[in-house]
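I would like the atomic coordinates for the input below:
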Amino acid sequence: MAHPSQLGFQDAASPVMEELLHFHDHTLMIVFLISSLVLYIIVAMVSTKLTNKYILDSQEIEIVWTIVPAIILIMIALPSLRILYLMDEINDPHITIKALGHQWYWSYEYTDYQDLEFDSYMVQTEDLNPGQFRLLETDHRMVVPMQSPIRVLVTAEDVLHSWAVPALGVKMDAVPGRLNQTAFIISRPGVYYGQCSEICGANHSFMPIVVEAVPLEHFENWSSLMLEET
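Numbering: from 1, shown residues only. The predicted structure is shown next:
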């Protein structure tokens, strides 16, 4: 999860987020090289009084500064399009979960089970247990099996919300009357935190998202206990 003074992204917990991090590093390196070249040219021009009279009318230079930027844009666009395709690809999900945004909490429905649904409210500061995070912990976590394709259907009951978990590379708008979908595979067990990422009213900051990834047998035990409680 995020920590104070953090400059980079959170550790990737899904294949898509790993691809996003690699693309970020790829693009950042290109930007760094371009910025260094531009800075060098500016310093060189300012620090000398000599002027090359052929620069203003040089066809060779015009060809270079037309072709090189086009190549750079292609180098950025191709991996970007690949990642966009991967983010929209949903192949044979093992579990489908419906996330419904309310003012100001989330509710979850496991559509593969008949009666497995619950509301997820933020735990108040005075009710936190040692080791839990303020403004991020919920009374019910969205538990999913690790290393399994998970599809999440996202919508809202009242106003616009956004279901976002940075470590998974997931952010999907929750629009009343519209059903959006996203998918992810969690690579390792753990607890991953997110928050509503669309301003939705006075308590927008108090509707966290907690996704807990566990081995499949633990998930089956959890789902059985939840069904017994209902």
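
can you pull the pLDDT of the most centrally placed residue in the chain?
Nearest to the mean C-alpha position of the chain, counting by C-alpha atoms, centre = their mean, stands Gly169 at 2.7 Å. If you check Gly169, the pLDDT there is 93.

which residues sit in contact with it?
Listed by C-beta atoms under 8 Å, 6 or more residues apart in numbering, the contact set of Gly169 reads 12, 14, 16-17, 19-20, 87, 184. Just so you know, the C-beta spots here come from the backbone N, C-alpha and C atoms, and that holds for glycine as well.

Please pull up the helix or strand immediately following the longest helix seen in the chain.
For the chain, the helix that runs over the most residues, judged by DSSP state H, is helix 15-46. Elements were assigned by DSSP states H and E; along the chain past helix 15-46, the next helix or strand is helix 59-88.

Name the residues of that following helix that are buried.
With burial defined by 16 or more other C-beta atoms under 10 Å, the residues of helix 59-88 counted as buried are Met87.

Relative to the next helix-or-strand element following it, what are the paired strands and their orientations?
As assigned by DSSP H and E, the chain's next helix or strand after helix 59-88 is strand 95-102. Each strand that strand 95-102 pairs with, and the sense of that pairing, follows from DSSP bridges: strand 105-110 (antiparallel), strand 150-156 (parallel).

quick revisit: rebuild the contacts of Gly169 as CSV, extending it with pLDDT and distance to Glu212.
What follows is the contacts of Gly169, written out as CSV (pLDDT from 0 to 100; distance: C-beta to C-beta, whole Å):
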residue, pLDDT, distance to Glu212
Ala12, 90, 17
Ser14, 94, 14
Val16, 93, 19
Met17, 94, 17
Glu19, 93, 23
Leu20, 94, 22
Met87, 87, 22
Phe184, 94, 14
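
farthest-separated two in the residues you listed?
Spatial extent of the contacts of Gly169 (C-beta to C-beta) is set by the pair Ala12 and Met87 at 13.5 Å.

got any ranges where the protein has weak pLDDT?
Regions of the chain meeting the criterion pLDDT under 70 cover residues 1-2, 230.

how does it divide up, domain by domain?
15-88, 95-229 (automatic domain parsing).

export those to TSV and tack on distance to His3?
Written out in TSV, the entries for these read as follows (distance: least, C-beta to C-beta, whole Å):
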stretch	distance to His3
domain 15-88	17
domain 95-229	11
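
Name the stretch among the ones you listed that sits most buried.
domain 95-229 (a mean of 17; mean count of other C-beta atoms under 10 Å).

Pull the distance from that domain to the chain's centre.
Between the centre of domain 95-229 and the centre of its chain there are 14 Å (C-alpha atoms, centre = their mean, to the nearest Å).

what about it, how long is it end to end?
Distance between the boundary residues of domain 95-229 (C-alpha to C-alpha, to the nearest Å) amounts to 21 Å.

ok, back up a step: for the residue nearest to the centre of the chain, which non-adjacent residue is spatially closest?
In space, not counting the residues next to it along the chain, Gly169 is nearest to Met17; the distance is 3.4 Å by C-beta to C-beta, 6 or more residues apart in numbering.
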